[in-house]
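*Asks:* when you get a sec, could you give me coordinates for this:
(chains A and B, ligands or ions: 2)
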Amino acid sequence: MNWDWSAVGDFMPMFWDGLLVTLQALVLGALLAFALGLVWAMAQRSGLAVVRWPVNVITEFVRNTPLLVQLFFLYYVLPEWGLTLSAMVTGVIGLGLHYSTYTAEVYRAGIDGVPAGQWEAATALSLPKSRTWGAVILPQAIRRVVPALGNYVIAMLKDTPMLFVIGVLEMLGEARQFASETFLTVEVFTVVGVAFIVISYPASLLMRALERRLVR
Amino acid sequence: MSADSTPLNTSKETANPAADGSELIRFDKVTKRFGSNTVLDSLDFTVNSGKHVTLIGASGSGKTTILRLLMTLIKPEEGTIKVAGDYLTHEERDGELVPAGDRHVREVRKKIGMVFQQFNLFPNMKVLRNVTEAPVHVLGLSPDEAEERARGLLDLVGLGDRCDAYPSQLSGGQQQRVAIARALAMRPQVLLLDEVTSALDPELVAGVLDVLRDIAHTTDITMLCVTHEMNFARDISDDVLMFDAGHVIESGPPEKIFSEPEHERTREFLSAVL
Ligand SMILES: Nc1ncnc2c1ncn2[C@@H]1O[C@H](COP(=O)(O)OP(=O)(O)OP(=O)(O)O)[C@@H](O)[C@H]1O
Ligand SMILES: [Mg+2]
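*Replies:* Residues are numbered from 1 along each chain as shown, chains lettered A, B, ... in the order given. Ligands and ions are numbered 1, 2, ... in the order given. You can find the predicted model right below:
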């Protein structure tokens, strides 16, 4: 089997397009996962069973079904219900929703790790709920879980190729398209594989460094 | 300097009613259970405004439980608690006494401040913000007013120069003095102190007790303390209440309780701690 450097060169314009789409999906999906996960985690601590119960059902359900199935569901079933979204938006929602059920667990561990004395001090000062959460509990809880959240972002990166099945032209999608036209499979898939390592390995080193600094 | 710039509410014009000796705290047949463990059994006692009252009693006798009930960190199973004439545990609606709602509890609770054994400062905020947070967001003070009040109080506790430190950069004694300033910044009528020196290294205890002694002697704030520092209790208390098995078994001025206790349990307890 021959390695053709010129094929790598020819693939590059499509590769950059794909990389951009991958990173877009990742950033938007991660933001959604961070925000939604926080909503789940706080709802799970609600004093109202009517809030806790549905949230538990939703998060368990989403966590225990494959992302691929969820993507197909969102892409093919939502339009039947009259909600047609672009492949990219569907992919971001799928990724964000799926990973929000993991970030919810991370936040929950962080919140549980804040000493009871902090809640008591907030009560003793009569701080309103919004300040207790926003100024006292969450800043302490989130600081401790930043590395764990980061690790989920890396896991998410490695799940972005799944968006290809609903037609999002991220890195893998571009590679498939290029390969089917040129039959230069080795070169393009190697480039994509290397790209994943080049992004995720330094990111995981960064998370380990953060962990040493933030989690005491 | 404005009229309101004194760190403590010693003047009669402030929001805090002066210590006129009227009844400020009333426990009426308060029962508190943890599971099958009845910690307080139909407890009655009152504290008059401006008084400094110390609770003593063996470990597990329910002293902390009393302070936590007053701070609304826990709820009694039976009975009522009144602070400055308002029910803390209940509210009157259409002439009937019903369990208190959140808003009512928040209003009455503003009259009470607490200093904890473990300080419980907010580690993510600098010292100054620990002290301004509640005055700004609960009392509605402007940030400038709150800062002026906080700086005055931090000066009072000897930490005027550590406003920009984080709690973790302070010694335990310094942290506890910040916690005292934080509680006072809300201008409570009652200050609850639960063994505020027992988590401190011995050489740091005196500094904290000096601050409290200063506050006790220069203000009209009502204090309810739990302490194992009998000298401090003797020094600042108007009254000492001896607890045993969920009841007040003896009370009186410190000279009397400490030198000629009537009750056998009090004598046993004092000989163990003195
Ligand atoms: N949250 C809780 N859950 C279960 N039992 C509790 C709880 N808090 C207190 N108790 C029990 O209530 C009793 C009184 O406790 P409390 O802390 O009020 O005693 P104390 O007089 O402050 O003792 P110490 O001098 O050791 O601080 C103890 O038997 C304790 O085990
Ligand atoms: Mg105690």
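*Asks:* which residue, neighbours along the chain excluded, lies closest to residue 132?
*Replies:* In the absence of a named chain, this looks at chain A. For residue A:132, ignoring the flanking residues on the chain, the nearest one in space by C-beta to C-beta, 6 or more residues apart in numbering or on different chains is residue A:122 at 4.2 Å. Yep, even glycine has a C-beta here, placed from its N, CA and C like the rest.
*Asks:* sorry, should have said chain B
*Replies:* Residue B:132 sits nearest to residue B:146 (C-beta to C-beta, 6+ apart), 4.0 Å away.
*Asks:* can you report how many residues lie near that neighbour?
*Replies:* 22 (other C-beta atoms under 10 Å in any protein chain shown).
*Asks:* elements contacting the strand or helix carrying residue A:41?
*Replies:* Applying DSSP states H and E as the criterion places residue A:41 in helix A:5-43. With contacts defined as 3 or more C-beta pairs under 8 Å, 6 or more residues apart in numbering or on different chains; DSSP states H and E, helix A:5-43 has these neighbours: helix A:49-63, helix A:87-112, helix A:138-159, helix A:171-182, helix A:185-214.
*Asks:* quick one: the closest residue to residue A:174 other than its chain neighbours from residue A:171, how far?
*Replies:* Leaving aside its chain neighbours, residue A:174 sits nearest to residue A:18 (3.4 Å; criterion: C-beta to C-beta, 6+ apart). In this view, residue A:18 and residue A:171 are 4 Å apart by C-beta to C-beta, to the nearest Å.
*Asks:* tell me the secondary structure for residue B:198?
*Replies:* coil (DSSP: H, G, I helix; E, B strand; the rest coil).
*Asks:* now do the residue nearest to residue A:101 when sequence neighbours are not counted against chain B, distance only.
*Replies:* Using C-beta to C-beta, 6+ apart and skipping the chain neighbours, the partner closest in space to residue A:101 is residue A:63 (4.0 Å). Per C-beta to the nearest C-beta, to the nearest Å, residue A:63 is found 30 Å from chain B.
*Asks:* on that earlier part again, next up, the contacts around the residue nearest to residue A:132.
*Replies:* Shown in contact with residue A:122 (C-beta atoms under 8 Å, 6 or more residues apart in numbering or on different chains): A:131-132, A:136-137.
*Asks:* among those, which are in reach of ligand 1?
*Replies:* Among the contacts of residue A:122, none lies close to ligand 1 by the criterion of C-beta under 6 Å from any ligand atom.
*Asks:* narrow those to those that are buried.
*Replies:* Applying 16 or more other C-beta atoms under 10 Å in any protein chain shown to these, the neighbour count classes A:131-132, A:136-137 as buried.
*Asks:* show me the contacts for residue B:117.
*Replies:* Taking C-beta under 8 Å, 6+ apart, we find residue B:117 in contact with B:194-196, B:198-199.
*Asks:* most neighbours, which of these?
*Replies:* residue B:196 (28 neighbours).
*Asks:* quick one: which of the buried ones among the contacts of residue A:122 is nearest to residue B:87?
*Replies:* Of all these, residue B:87 sits closest to residue A:132, with 23.9 Å by C-beta to C-beta.
*Asks:* quick check, residue B:47 in a strand?
*Replies:* Yes - assessed with three-state DSSP, residue B:47 lies in a strand.
*Asks:* any idea how far ligand 1 is from it?
*Replies:* Using C-beta to the nearest ligand atom, to the nearest Å, residue B:47 is found at 17 Å from ligand 1.
*Asks:* before we move on, back to that, narrow the buried ones among the contacts of residue A:122 to those in helices?
*Replies:* residue A:131 (DSSP state H).
*Asks:* on that earlier part again, what's the most buried one of the helices and strands packed on helix A:5-43?
*Replies:* helix A:87-112 (a mean of 22; mean count of other C-beta atoms under 10 Å in any protein chain shown).
*Asks:* quick check, the helix or strand just after that helix touching ligand 1?
*Replies:* Counting by DSSP H and E, the next helix or strand C-terminal to helix A:87-112 is helix A:116-124. No - Helix A:116-124 stays clear of ligand 1 (C-beta under 6 Å from any ligand atom), getting no nearer than 9.7 Å.
*Asks:* helix A:116-124 versus helix A:138-159: what angle between them?
*Replies:* Angle of helix A:116-124 versus helix A:138-159, following axes from the mean of the first three to the mean of the last three C-alpha atoms, to 10 degrees, is 130 degrees.
*Asks:* buried residues in helix A:116-124?
*Replies:* Residues of helix A:116-124 classed as buried: A:118-124 (neighbour count, 16+ other C-beta under 10 Å).
*Asks:* for those residues, give me a markdown table that also has pLDDT.
*Replies:* Shown next, in a markdown table, are the buried residues of helix A:116-124 (pLDDT from 0 to 100):
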| residue | pLDDT |
| --- | --- |
| A:118 | 97 |
| A:119 | 97 |
| A:120 | 97 |
| A:121 | 97 |
| A:122 | 97 |
| A:123 | 95 |
| A:124 | 96 |
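*Asks:* can you name the residue of chain A nearest to ligand 1?
*Replies:* Nearest residue of chain A to ligand 1 (C-beta to the nearest ligand atom) works out as residue A:116 at 9.7 Å.
*Asks:* pLDDT averaged over stretch B:136-152 - what is it?
*Replies:* Taken as a whole, stretch B:136-152 has a mean pLDDT of 96.
*Asks:* how far does it stretch from start to finish?
*Replies:* 16 Å (C-alpha to C-alpha, to the nearest Å).
*Asks:* enumerate the residues of chain A near chain B.
*Replies:* For chain A, the contact set with chain B under C-beta under 8 Å from any C-beta of the partner chain comprises A:115, A:117-118, A:120-121, A:123-128, A:131, A:135-136, A:139-140, A:143.
*Asks:* just to revisit the earlier point, with pLDDT and distance to residue A:81 added, can I get the contacts of residue A:122 in JSON lines?
*Replies:* Output for the contacts of residue A:122, formatted as JSON lines (pLDDT from 0 to 100; distance: C-beta to C-beta, whole Å):
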{"residue": "A:131", "pLDDT": "96", "distance to residue A:81": "40"}
{"residue": "A:132", "pLDDT": "96", "distance to residue A:81": "39"}
{"residue": "A:136", "pLDDT": "97", "distance to residue A:81": "41"}
{"residue": "A:137", "pLDDT": "96", "distance to residue A:81": "38"}
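*Asks:* any low-confidence regions in the chain?
*Replies:* Just so you know, I chose chain A. Across chain A, the ranges flagged by pLDDT under 70 are A:1, A:215-216.
*Asks:* wrong chain, I was asking about chain B
*Replies:* Residues of chain B meeting the criterion pLDDT under 70: B:1-20.
*Asks:* which stretches of it form strands?
*Replies:* B:23-34, B:37-48, B:52-57, B:78-83, B:86-87, B:90-93, B:96-99, B:112-115, B:190-194, B:222-226, B:239-244, B:247-252 (DSSP state E).
*Asks:* among these, show me which one is buried the most.
*Replies:* strand B:112-115 (a mean of 26).
*Asks:* how many other residues sit next to the closest residue to chain A within the stretch 151-274 of chain B?
*Replies:* Of all residues in the stretch 151-274 of chain B, the one sitting closest to chain A is residue B:186 (6.5 Å; C-beta to the nearest C-beta). Summarising burial for residue B:186: neighbours were counted as other C-beta under 10 Å, giving 21.
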